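In: here is the input, now give the coordinates:
(one chain, ligands or ions: 1)
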Amino acid sequence: MAKINPHFNEVAQGYFSTEIAKRARPFLDSHPGVEIFKLGIGNTTEPIVPSVIAGIREGVEKLSRRETYTGYGDEQGDTRLRHTISKWYAGRGLNIDSSEVFVSDGAKSDCANILSIFSDDSIVAISDPVYPVYRDSSVISGKRIHYMPAIEKDGFIPQIPREKVDLIFLCSPNNPTGSVATHKQLEEFVRYAKKNRAIIIFDAAYSEYIRDTTLPRSIYEIEGAKGCAIEIQSLSKAAGFTGVRLGWTIVPKELQAEDGSAETLNQFWNRRQTTMFNGASNIVQEGGLAVLSPEGQRQTHEQVDYYMENTRIIRDGLKASGFTISGGVNAPYIWLQCPKGLSSWEFFDELLEKAHVITTPGIVFGENGEGYMRISAFGHRENIEKAVRSIQANFGNKS
Ligand SMILES: Cc1ncc(COP(=O)(O)O)c(C=O)c1O
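Out: From the prediction side, this is the model:
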């Protein structure tokens, strides 16, 4: 008889976006025609930049001619793209060999799938609050969780575990808190990982939002990190590829598990990808090459600037209304402390009912998210401005 994976019963029934839609539904139904401003979702809204569209078109064109048509490609990614990614890191002073680069269809699946190369009895450290994918995929794969509180007094940077864990998910710039770890903070995690023979899984999906040049955009900026860290990247927020789908994972050759020899993890991930993944779309990989070209980098960075200007508008607006906020300086997310000691869901209702603004209650990211809201800067400028005006009209403007 087929048996279910019982661990599915240990996670919430729906992903948090479903929960938010459900909670907002009664208000929307009873207020038809009311304009709603969405500051809740981490989804891109602006069109892909011209040089990248040209790359994607080129990918399509190639498929239309017998001489340039390609079918299945290498599961690890197009060799040109793997080399280009390696050069992109080299441009940042980091030495990543193309054989350590595995192109994927995005960071979310890699964050979950990477767990398969580690033992089932691994203890996985995740921050609280956390991007739920690390938590839920660890639970579903039967691993044990150790929570690292990420609280105000530490600038919302997770506390290093006191006991021994095996895997540590880190996300910087952080979703949901918008905090960014400094070199020193990441050095401490690397030191911990080395001492405890743990492995860091570093999610750098928002690295391109870092404007402060003193902050690390890659875990490999930390000395010794190649021996203890995997890095996962995504073009979703860096180039508007949320619907296009492209990312990559770096599994260094020198990365070593407690019981494995050097290169084992690189080989295991290669084995996993060649067995369970058939490579990212060839059309999309042409787009990825275009993103990493000098013109693609210039244009996509300009687009990131657009979202960062949204962030500034929201930050200034919220501050003027007297809210206590953090994040949103080198990240597209702002972490707002709910006023008057309200719970996240209570303040979610108040913001929706009074200002018609939808945000994400911090509690969906973990217990330490209670009393906070995540505000996302992804949106058309005019909607962001309207949302901020609506908040100020209903919660005051002291500027
Ligand atoms: C921290 C973090 N990692 C990964 C992802 C997913 O990235 P992708 O679209 O490449 O799957 C997101 C998306 O919101 C995210 O916030």
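In: neighbours around residue 347, how many?
Out: 22 (other C-beta atoms under 10 Å). The C-beta positions use only the backbone N, C-alpha and C, and glycine is treated the same way.
In: verify the stated contact: it with residue 373.
Out: Yes. Under the criterion of C-beta atoms under 8 Å, residue 347 makes contact with residue 373 at 6.1 Å.
In: so how far is the ligand from residue 60?
Out: Separation of residue 60 from the ligand (C-beta to the nearest ligand atom, to the nearest Å) stands at 21 Å.
In: now what about the helix or strand where that residue lies, what contacts it?
Out: In the assignment (DSSP states H and E), residue 60 maps to helix 50-63. With C-beta atoms under 8 Å, 6 or more residues apart in numbering as the test, helix 50-63 has contacts from 47-48, 68-70, 239-240, 244, 281-291, 293, 295-296, 299-300.
In: rounded mean pLDDT for it, please.
Out: Helix 50-63 comes out with an average pLDDT of 98.
In: is the ligand contacted by the host helix or strand of residue 112?
Out: Using DSSP H and E, residue 112 sits in helix 107-113. Yes. Counting by C-beta under 6 Å from any ligand atom, the ligand has neighbours in helix 107-113: 107-108.
In: contacting residues around residue 148?
Out: 125-128, 158-161, 168.
In: near the ligand, which residues of the stretch 151-300 of the chain are found?
Out: Counting by C-beta under 6 Å from any ligand atom, the stretch 151-300 of the chain sits next to the ligand at 171, 175, 203, 205, 234, 236, 242, 247.
In: wait, what's in contact with the fifth one?
Out: To tie it back to what came earlier, the one meant is residue 234. 106-107, 205, 241, 246-247.
In: now the buried members of those.
Out: Among the contacts of residue 234, the ones that count as buried by 16 or more other C-beta atoms under 10 Å are 106-107, 205, 241, 246-247.
In: between the longest helix along the chain and helix 50-63, how big is the angle?
Out: The residue-count maximum for a helix in the chain (DSSP state H) belongs to helix 294-320. Calculated by axes from the mean of the first three to the mean of the last three C-alpha atoms, to 10 degrees, helix 294-320 forms an angle of 130 degrees with helix 50-63.
In: packing partners of helix 294-320?
Out: Here helix 294-320 touches helix 50-63, helix 236-239, helix 282-292, strand 324-327, strand 333-337, helix 381-395, going by 3 or more C-beta pairs under 8 Å, 6 or more residues apart in numbering; DSSP states H and E.
In: as CSV, the contacts of residue 234 with pLDDT would be great.
Out: Shown next, in CSV, are those (pLDDT from 0 to 100):
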residue, pLDDT
106, 97
107, 98
205, 98
241, 98
246, 98
247, 98
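In: can you name the two of those that are farthest apart?
Out: 205 and 246 (11.9 Å; C-beta to C-beta).
In: ok, then the element right after the helix holding residue 60?
Out: helix 79-90.
In: near the ligand, which residues of the stretch 1-150 of the chain are found?
Out: So the stretch 1-150 of the chain meets the ligand at 42, 106-108, 131 (C-beta under 6 Å from any ligand atom).
In: ok, and what's touching the lowest-mean-pLDDT helix or strand in the chain?
Out: When each helix and strand of the chain is scored by mean pLDDT, DSSP states H and E, helix 16-30 comes last, with a mean of 88. With C-beta under 8 Å, 6+ apart as the test, helix 16-30 has contacts from 12, 14, 34, 36, 40-41, 132, 345, 348-349, 352-353, 358, 360-361, 364-365.
In: swap the cut-off to 6 Å and go again
Out: 352, 358, 364 (C-beta atoms under 6 Å, 6 or more residues apart in numbering).
In: can you give me the neighbour number for residue 268?
Out: For residue 268, using other C-beta under 10 Å, the count is 17.
In: whoops, I mixed them up, residue 22
Out: 10.
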